[in-house]
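K.L.:
Pasting the sequence and the predicted coordinates here, then a few questions.
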Amino acid sequence: MKAHPMVGDSLVAALLGIIDLLLFVGRQAGDPAFAPPAWYVTAPLMIGAVVPLAFRRRYPIVVAYVVLAVSIPHSWFEIGFAGLVGFGIALYTLVAYVNRRHALLYVVANVVVSAVQLPMQLDGTAAMVAGVVTGVGVTAFCWVLGEFVGARRAYQAEVEARLHLLETERDQQATIAVAAERARIARELHDVVAHAVSVIVVQADGAAYAVRSQPELTERAIKTISATGREALTELRRLLGVLRSERADEERTPQPGTRSLAELAERFRAVGLPVRLEVVGAIDDLPAGVGLGIYRIVQEALTNCLKHAGPGASAVVRVERRADKVELTVLDDGVTGSRALVGVSGGNGLIGMRERAHVFGGTLQAGPHPGGGWRVRAVLPVGSG
């Protein structure tokens, strides 16, 4: 019925028409003084009083005034009570489905019609009072019922609108979360692959130059390439395991953090980049996310130094813990020309470092140092407690 309201309205109209017909036939048989008009007048009036009610929700205003117009001769010939009931149903529909203004105009129109018709049709004060009381009662009941149903419909519409809004917000949040996760995975992949490939390329170039003159140096370079490749494969397997697994509590390989900075510096020294690590304050108790961010920023900065600083360059990594923040500086003394172009074009490495800093509400600056070389400086808030 809710999916097809016209079916229910048609059944109501048919039931009302049948009852009206039965009352008409019963009165005609039991009251010899009752003299109705001919059937070709009575039948259209009985049909016209109930058929429009089947369309009351689709055309509520038109149906209301059609019912009012038909109820005038229907009541005048005393065919039945379908005119009064039809008025009540039409008034209820206007209040519940249209608005109070149209409903009030409809009531005024009916009052005008009744004020003209009742004195002409009814004899005696008692009959007049009974007719007025009946009309007022039907009007009040149908108006109150329409207000109740209209309020429920408005509440249901508001609830549905809110649910739709919540579903839209949920879909948008899911889209944002997916985009953020993709960006995080992209940063992790870039950090792992870029670092490993840079080290492998540098060591492979060195091995190619020294393969005949310095076999021991070539052997060490090949071992470094092997170790770096294995480490990169381990990191990639960890990332792929996170993506494939549906279990959030599954045991994972520990993420690197500030405790791994010394090992990271040692690996870069082994591939030919002298790195001096300076740590001021306690950094081992930093949150895991902040520690990973610091590690990845240092890793990317040293990778860029290894790729672009030129031969003979060295780097200084300084990590200083203050009360409510961590200041990180990576400074090298290499050439700056090629890296200046990278900084202008917005390379993925610089973008990734800035994104990592912004995730924690921090800032990152990268560019040529006034005293020579290249400097990366990041400030990450960590709170005082």
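P.N.:
Arrived safely.

K.L.:
In what element of secondary structure is the residue nearest in space to the middle of the chain found?
P.N.:
Note on the chain: the residue nearest the mean C-alpha position is Glu169, at 1.8 Å, using CA atoms, centre = their mean. Taking DSSP states H and E as the definition, one finds Glu169 inside helix 125-210.

K.L.:
tell me which strands and helices that helix is in contact with?
P.N.:
Other elements packing on helix 125-210 under the criterion 3 or more CB pairs under 8 Å, 6 or more residues apart in numbering; DSSP states H and E are helix 82-93, helix 100-121, helix 215-244, helix 288-308, helix 348-359. C-beta coordinates here come from the backbone N, C-alpha and C atoms, glycine included.

K.L.:
Report the rounded mean pLDDT for the first one.
P.N.:
In other words, helix 82-93. Average pLDDT, helix 82-93: 89.

K.L.:
low-confidence ranges in this structure?
P.N.:
1-3, 242-254, 336-348, 383-385 (pLDDT under 70).

K.L.:
excluding its backbone neighbours, what's nearest Gln365?
P.N.:
Of all residues not flanking Gln365 in the chain, Arg377 sits nearest, at 5.0 Å (CB to CB, 6 or more residues apart in numbering).

K.L.:
quick check, the one you found in a strand?
P.N.:
Yes - Arg377 sits within a strand when classified using DSSP: H, G, I helix; E, B strand; the rest coil.

K.L.:
Please report how far it lies from Leu261.
P.N.:
Using CB to CB, to the nearest Å, Arg377 is found at 16 Å from Leu261.

K.L.:
quick one: which of these two has more around it?
P.N.:
Leu261 (22 against 19; other CB atoms under 10 Å).

K.L.:
got a list of what the more buried one touches?
P.N.:
Leu277, Val279, Ile294, Tyr295, Val298, Val317, Val319 (CB atoms under 8 Å, 6 or more residues apart in numbering).

K.L.:
What's the separation between it and Gly361?
P.N.:
In terms of CB to CB, Leu261 sits 22 Å off from Gly361.

K.L.:
Help me confirm that Leu364 is found in a strand?
P.N.:
Yes - counting by three-state DSSP, one finds Leu364 located in a strand.

K.L.:
How about it, nearest residue that isn't a chain neighbour?
P.N.:
Using CB to CB, 6+ apart, the closest residue to Leu364 is Ala357 (3.9 Å).

K.L.:
can I assume that neighbour is in contact with Pro381?
P.N.:
No - with contact defined as CB atoms under 8 Å, Ala357 does not reach Pro381; the gap is 10.2 Å.

K.L.:
Pick out whichever of those two has more residues nearby.
P.N.:
Higher neighbour count among Ala357 and Pro381: Ala357, with 21 against 14, using other CB under 10 Å.

K.L.:
can you pull the contacts of the residue nearest to the centre of the chain?
P.N.:
Counting by CB under 8 Å, 6+ apart, Glu169 makes contact with nothing.

K.L.:
any idea how far it is from Arg162?
P.N.:
Counting by CB to CB, the separation of Glu169 from Arg162 is 10 Å.
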